[in-house]
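K.L.:
this is the structure alone, sequence omitted:
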């Protein structure tokens, strides 16, 4: 439990903490449930300045959700006018039309300053409302080509878990909605709050990588787990050290060629890319939670200061100092 109530950061936190999720006939229950878990559960440990949550029906109910459930919403589209953040939790399908009242409600709310967030196929609702024109966005890998074909004015990012355009946010497949929601909590309240929510959900507060790591990848042989886990722990415990493939392979009792093949089968990436992701994750944590200088942090994770800045810009489109200014919080 935090020592003091968590409050929105002055620079990034929204003034309006009301979150409204849209409900529709054919509701995608996982995506909707993710929105509820992230923003709708009572969290007294967060103090009084936490989100409030409501469900807005886009049509008369009760509404059917996948799995045989029915949803009786808190109200209709009038609730959208009150929202600081609107969540479109999936949609009936890429080929299903979006009712005009929904489009108009989203356009009006967004023009009035509300943030709009989609999970998975919910991106097609945002696209139909014209909110993604000239913007970068993502969706489930299965729908990427359809989104591109129907909305060529959208910059579709196929290999990311989510895209944050400030007032418009889109996520990839269903579970990526959790990643995006945690990112938004982190943006609003800082890393401590996101970590608390992630722990309640029993998920990592941040997943590195993109959708490609999750597509049609064979499950590694269970035999590899006890052999490779100590290697991963060894690399993670000493990020400043130079970890050569030869040394890692010898520690695992394999040839370099076999080690590389089995490492990628188990992790979905190469040792170099895995190590880069771990180093950047540690650097972000140190920037957010310690006063250490950029050069000191770079050395601690195995970079020079220039290399850390270069990798930060390539991976996160920002600098270490800008990241600290945005996410660092006093304890």
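P.N.:
Sure, I can see it. This structure is a prediction, so every number in the text was calculated from the model and none was measured. Residues are numbered from 1 along each chain as shown.
K.L.:
ranges for the strands of this structure?
P.N.:
Taking DSSP state E, the strands of the chain run over residues 18-23, 52-57, 63-65, 69-71, 85-89, 115-119, 136-137, 155-156, 162-164, 168-171.
K.L.:
got the buried residues for the helix or strand of the chain with the lowest mean pLDDT?
P.N.:
Lowest mean confidence among the helices and strands of the chain (mean pLDDT, DSSP states H and E): helix 225-237, at a mean of 81. Across helix 225-237, burial judged by 16 or more other C-beta atoms under 10 Å covers 227, 228, 231, 232, 235. Any C-beta I mention is one placed from the backbone N, CA and C, and that applies to glycine too.
K.L.:
same check on stretch 266-286?
P.N.:
Buried, per 16+ other C-beta under 10 Å, within stretch 266-286: 266-269, 271, 274-286.
K.L.:
do the same with stretch 191-206
P.N.:
Buried-residue list, stretch 191-206, by 16+ other C-beta under 10 Å: 191, 192, 193, 194, 195, 196, 197, 198, 201, 205, 206.
K.L.:
now do the top helix by length along the chain: which elements does it pack against?
P.N.:
Secondary structure assigned by DSSP state H gives helix 271-289 as the longest helix of the chain. For helix 271-289, the elements it packs on are helix 191-201, helix 225-237, helix 256-267, helix 294-300, helix 305-316, helix 320-327, judged by 3 or more C-beta pairs under 8 Å, 6 or more residues apart in numbering; DSSP states H and E.
K.L.:
related to what we said a few turns ago, may I ask which two of the buried residues of helix 225-237 are separated the most?
P.N.:
Pairwise distances across these peak at 14.0 Å for 227 and 235 (criterion: C-beta to C-beta).
K.L.:
low-confidence regions, the stretch 101-250 of the chain specifically.
P.N.:
204-226 (pLDDT under 70).
K.L.:
which residues of it fall in helices?
P.N.:
Counting by DSSP state H, counting those that start in this stretch, the stretch 101-250 of the chain has helices at residues 123-128, 144-150, 176-189, 191-201, 225-237, 245-252.
K.L.:
of all those, which lies closest to residue 34?
P.N.:
It is, among the helices of the stretch 101-250 of the chain and with distance given as C-beta to C-beta, helix 176-189, at 4.5 Å.
K.L.:
run the angle between the closest one and strand 85-89 for me.
P.N.:
Calculated by axes from the mean of the first three to the mean of the last three C-alpha atoms, to 10 degrees, helix 176-189 forms an angle of 170 degrees with strand 85-89.
K.L.:
output the contacting helices and strands for helix 176-189.
P.N.:
Against helix 176-189 (3+ C-beta pairs under 8 Å, 6+ apart) you get helix 29-35, strand 115-119, strand 162-164, strand 168-171, helix 191-201, helix 320-327.
K.L.:
which strands or helices does the fifth one pack on?
P.N.:
It refers to helix 191-201. Going by 3+ C-beta pairs under 8 Å, 6+ apart, helix 191-201 lies up against helix 176-189, helix 271-289.
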